[in-house]
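Chemist: what follows is a protein structure lacking sequence information:
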């Protein structure tokens, strides 16, 4: 598998995202989670992304159970800070997004000390002595706290050599641009904002990242499923997709079929063609999905498809296409 540089880290260009292993939208068994991670490993994936939020600790525990059996220097792992997991006093109702989870629920804490506690607790769930990348997670309403508290803690950990790369993970690009200007970061995880349906990152984020040598971990490449299987009840960025988005996805799907390829292959290869993208972080809830993700990264997508995509203005004219189309 192709490898890339993420700061001082050598990483695979495709990583495994673990939100589905935390029961995103539907429960995942321990056996299926283990088989998913094992399949990724067998296919050469050596970058793994997780977070306390994913299944409220479940994804970290499952990922750690597998990775503890591997040589520590043979892979890289990222997790996130900004949420502490705490048991509610009055019990926990089922979460809207994560199913089959422990009873703990996330509580925002972007303070310096809260972040240090978060790292310690994540290491405990993972059963590892260190992680390679730490990301401030979803500080949309907490910019000042993130800069004054969370990033100060992460910079300290990086200076001490406890972690090799720091940054933020968000579903928006605007605040990531602000962080790039305000804080010394190594990478960002951007979810759902550079896809065949949304090229928001082209406006400012990718130019800033390239100018400052900030790596980009790209998640949400299928926009929560609409670019994997477009239909009227498809999800777009964790919500029900509106009719106009479904129509655009169906148009892209039809174009792929006309050229003898698959929408998932086009969606993934489109994202990986941008030079700002370091790792495509692909979620999977079972071993078959992992195999499919890798296959889609290698599947032939004819040059004529990319040329017609450009000619029909179905993507931003600034977006580089595979093969220079």
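Modeler: That came through, no problem. This is a predicted model, so every value here is computed, not measured. Numbering: from 1, shown residues only.
Chemist: could you point out which element follows the host helix or strand of residue 266?
Modeler: In the assignment (DSSP states H and E), residue 266 maps to helix 263-272. Helices and strands here follow DSSP H and E; after helix 263-272, the next one along the chain is strand 277-283.
Chemist: that next one packs against which elements?
Modeler: Counting contacts by 3 or more C-beta pairs under 8 Å, 6 or more residues apart in numbering; DSSP states H and E, strand 277-283 packs against strand 3-6, strand 9-12, strand 14-17, strand 47-49, strand 215-219, helix 263-272, helix 287-298. Backbone N, C-alpha and C define where each C-beta goes, glycine included.
Chemist: the helix holding residue 266 versus strand 215-219: what angle between them?
Modeler: Calculated by axes from the mean of the first three to the mean of the last three C-alpha atoms, to 10 degrees, helix 263-272 forms an angle of 160 degrees with strand 215-219.
Chemist: residue 175: how many residues sit nearby?
Modeler: As a burial measure, residue 175 scores 20 neighbours (other C-beta atoms under 10 Å).
Chemist: got it, and the one 4 residues further on?
Modeler: For residue 179, the number of neighbouring residues by other C-beta under 10 Å comes to 22.
Chemist: which stretches of the stretch 101-250 of the chain form helices?
Modeler: Assigned by DSSP state H, counting those that start in this stretch, the helices in the stretch 101-250 of the chain fall at 112-126, 143-145, 151-159, 174-182, 205-212, 243-258.
Chemist: may I see the buried residues of the shortest one?
Modeler: Yep, that's helix 143-145 we're talking about. Of the residues in helix 143-145, those buried by neighbour count under the rule 16 or more other C-beta atoms under 10 Å are residue 145.
Chemist: and that helix, what's its mean pLDDT?
Modeler: Helix 143-145 shows a mean pLDDT of 98.
Chemist: quick one: contacts of it?
Modeler: 110-111, 139, 175, 178 (C-beta atoms under 8 Å, 6 or more residues apart in numbering).
Chemist: next one: the third one
Modeler: The contact list for helix 151-159, computed with C-beta under 8 Å, 6+ apart, reads 81, 112-113, 115-116, 119, 134, 136, 163-166, 179, 183-186.
Chemist: and the residues you listed, which are buried?
Modeler: Buried residues within the contacts of helix 151-159, defined by neighbour count using 16+ other C-beta under 10 Å: 81, 112, 115-116, 119, 134, 136, 163-166, 179, 183, 185-186.
Chemist: just to revisit the earlier point, can I get the helices and strands packed on strand 277-283 in CSV with mean pLDDT and mean neighbour count?
Modeler: Listed next are the helices and strands packed on strand 277-283 as CSV, based on pLDDT from 0 to 100; neighbours: other C-beta atoms under 10 Å:
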stretch, mean pLDDT, mean neighbour count
strand 3-6, 94, 16
strand 9-12, 97, 20
strand 14-17, 98, 27
strand 47-49, 98, 28
strand 215-219, 98, 25
helix 263-272, 98, 23
helix 287-298, 98, 18
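Chemist: in TSV, list those along with distance to residue 87.
Modeler: Output for the helices and strands packed on strand 277-283, formatted as TSV (distance: least, C-beta to C-beta, whole Å):
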stretch	distance to residue 87
strand 3-6	35
strand 9-12	35
strand 14-17	26
strand 47-49	26
strand 215-219	28
helix 263-272	38
helix 287-298	32
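Chemist: gap between stretch 9-22 and the chain center?
Modeler: Its chain's C-alpha centre and that of stretch 9-22 lie 7 Å apart, by C-alpha atoms, centre = their mean, to the nearest Å.
Chemist: and it, how far apart are its ends?
Modeler: Using C-alpha to C-alpha, to the nearest Å, one end of stretch 9-22 lies 26 Å from the other.
Chemist: any stretches of the stretch 1-150 of the chain with poor pLDDT?
Modeler: The stretch 1-150 of the chain contains no residues with pLDDT under 70.
Chemist: again, only using 80
Modeler: The model of the stretch 1-150 of the chain has pLDDT under 80 over residues 91-93.
Chemist: do you know how far the residue nearest the centre of the chain is from residue 195?
Modeler: The centre of the chain sits closest to residue 219, judged by C-alpha atoms, centre = their mean, with a distance of 3.2 Å. Distance of residue 219 to residue 195, given as C-beta to C-beta, to the nearest Å: 10 Å.
Chemist: I'd like to know how far the nearest residue to residue 138 once chain neighbours are set aside sits from residue 269.
Modeler: What sits nearest to residue 138 in space, not counting adjacent residues and going by C-beta to C-beta, 6 or more residues apart in numbering, is residue 170, at 6.0 Å. Using C-beta to C-beta, we find residue 170 at a distance of 24 Å from residue 269.
Chemist: count of neighbours near the nearest residue to residue 75 once chain neighbours are set aside?
Modeler: Spatial nearest neighbour of residue 75, excluding adjacent residues (C-beta to C-beta, 6+ apart): residue 46 at 4.4 Å. Residue 46 has 19 neighbouring residues, counting by other C-beta under 10 Å.
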